[in-house]
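Engineer: How does the following fold in three dimensions:
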Amino acid sequence: MNVIPEPVSFDELGVSVAMQNTVAELGYTMATPIQTGSLPFAMAGRDVIGQAQTGSGKTAAFGIPIIERLDPRDGPVQALVLCPTRELAVQVHDELTRLGKRHELRSVAIYGGDSIGRQMEELRQGAHIVVANYEMLDHFAPSYFSGIILDESSILKAQDGKTRTHIIEVFGKTPYRLACSATPAPNDYMELGNHSQFLGIM
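Structural biologist: Residues are numbered from 1 along each chain as shown. Presented below is the predicted three-dimensional model:
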């Protein structure tokens, strides 16, 4: 579905008062098109695949519903966000930390090129959301997660066959699934499942 929704305020999108206050503090006065288009579906528990340009607010579009749906009382390691690069994993982790500050949720970034022992220790301290590189997926059991986000998921096509197959398998087994990228077309997502709501917002 290719749409360009009209901008609306976050209170019109059904987010909690706590999240409304958080996004206001972050300077988000109105939801961007990708946020307006995806939040109603994602907040309702639908699987959503979103396409929008870089800088359009995709991280908040998919971070907000994950944060709103998680409950810290359900324990650690509830959701997984997979990113193709270390830099993007750190950026997404930072954004989720800002968005989740009123929800008592902790995020941790897990990536290659740094001490895996230190990162896993941070995870053991009680993180609810894991933001990791694609290649770090082997460190986690799929049954851990009730929700998964693939960020810049069109890059899946560039992964080796084993990595791509593993990611698609975990994505398919996770109950709540979101994916986003700046570049894909709907056909690029056939491997991720045919029952997701596709939002192409240019």
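Engineer: For the rest of this, base every contact and every neighbour count on C-alpha atoms.
Structural biologist: Noted.
Engineer: where exactly do the helices run in the chain?
Structural biologist: With helices called from DSSP state H, the chain shows them at 17-25, 33-43, 58-69, 86-99, 116-124, 161-173.
Engineer: Distance to Gly50 for those - can I get that in a markdown table?
Structural biologist: Formatted as a markdown table, the helices of the chain follow (distance: least, C-alpha to C-alpha, whole Å):
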| stretch | distance to Gly50 |
| --- | --- |
| helix 17-25 | 20 |
| helix 33-43 | 7 |
| helix 58-69 | 8 |
| helix 86-99 | 16 |
| helix 116-124 | 28 |
| helix 161-173 | 15 |
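Engineer: So which of those helices is nearest Leu137?
Structural biologist: Among the helices of the chain, the nearest to Leu137 by C-alpha to C-alpha is helix 161-173 (7.6 Å).
Engineer: Show me which positions of that closest one end up buried.
Structural biologist: Using 16 or more other C-alpha atoms under 10 Å as the test for burial, helix 161-173 gives Thr163, Arg164, Ile167, Val170, Phe171, Gly172.
Engineer: Out of the residues you listed, flag the one nearest to Val17.
Structural biologist: The shortest approach to Val17 among the buried residues of helix 161-173 belongs to Phe171, at 30.3 Å (C-alpha to C-alpha).
Engineer: Lowest average confidence across the helices of the chain, which one?
Structural biologist: Comparing mean pLDDT across the helices of the chain, the weakest is helix 161-173, with a mean of 77.
Engineer: who's in contact with the residue nearest in space to the middle of the chain?
Structural biologist: In the chain, the centroid-proximal residue (C-alpha atoms, centre = their mean) is Ile149; its distance is 3.6 Å. Shown in contact with Ile149 (C-alpha atoms under 8 Å, 6 or more residues apart in numbering): Phe62, Leu80, Val81, Leu82, Arg177, Leu178, Ala179, Cys180.
Engineer: wait, what's in contact with the fourth one?
Structural biologist: Read it as Leu82. Counted by C-alpha under 8 Å, 6+ apart, Leu82 has contacts Ala89, Val131, Ala132, Asn133, Tyr134, Ile148, Ile149, Leu150, Asp151.
Engineer: Narrow those residues to those in strands?
Structural biologist: Cross-referencing the contacts of Leu82 against strands under DSSP state E gives Val131, Ala132, Asn133, Ile148, Ile149, Leu150, Asp151.
Engineer: Disregarding flanking residues, what is the spatial nearest neighbour of the third one?
Structural biologist: Pointing back at Asn133 there. Cys83 (4.9 Å; C-alpha to C-alpha, 6 or more residues apart in numbering).
Engineer: Kindly report the same for the second one.
Structural biologist: Spatial nearest neighbour of Ala132, excluding adjacent residues (C-alpha to C-alpha, 6+ apart): Ile110 at 4.6 Å.
Engineer: that older thread, give me the distance between the residue nearest to Asn133 and His103.
Structural biologist: 23 Å (C-alpha to C-alpha, to the nearest Å).
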